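# Predicted coordinates and the sequence they were generated for:
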Amino acid sequence: MQTLKKRADFLRAAVGARKVEGAVTLEACPTPEGAGLQGVCRVGFTASRKIGNAVARNRAKRRLRAAASQLLPLLGRGGHDYVLVARASTGTRNFDALLADVTAALAGAHRRLDRMAGEAK
């Protein structure tokens with residue numbers, strides 16, 4: 001699992017499949033062909049200023065990183081990029097509920113990606 005760092009990667013994921021579930025928004029898209037990372041799952045994290053001050057944003061991103069490190073190796077698809085976007089309740093939500101939110105968001109995003117791939121053919 002690699003971390004997304006470039007703005008272009010975040011923007012590409014934003015136009016892919018988006019699933020809002022509880023305290024998290026998940027954006028997903030296939031990794032571009034030129035990245036040379038087929039079979040590797042890439043993930044990025046973001047929290048806007050709507051979440052709160054820097055302390056609140058950092059806490060929300062830490063919680064998202066912890067959830068992603070537990071779930072993406074099991075549920076993530078190789079060759080896909082994921083961006084986890086913090087919502088207002090991400091920093092205070094029970095961690096088990098946050099894990100359930102990320103799991104449901106992954107399942108929904110994968111269904112949407114499969115539909116999008118089927119329509120493209």
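In hand now; what should we look at?
# What ranges does the protein have for its helices?
Assigned helices in the chain, in chain order: 7-14, 54-75, 95-120 (criterion: DSSP state H).
# Looking at those, spot the one closest to Pro32.
Closest approach to Pro32 among those is made by helix 7-14 (7.1 Å; CB to CB). For every residue, glycine as well, the C-beta is placed using N, CA and C.
# which parts of the closest one are buried?
For helix 7-14, the buried set under the neighbour-count rule, 16 or more other CB atoms under 10 Å, comprises 9-10, 12-13.
# Convert the C-alpha atoms of it to CSV, please.
This file holds the C-alpha atoms of helix 7-14, laid out as CSV (Å, rounded to 0.1, in the frame of the first residue of the first chain):
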residue,chain,number,x,y,z
ARG,A,7,-2.7,16.8,-6.3
ALA,A,8,-3.3,15.2,-9.7
ASP,A,9,-3.9,11.8,-8.1
PHE,A,10,-6.4,13.3,-5.6
LEU,A,11,-8.2,15.1,-8.5
ARG,A,12,-8.4,11.9,-10.6
ALA,A,13,-9.9,10.0,-7.6
ALA,A,14,-12.5,12.8,-7.1
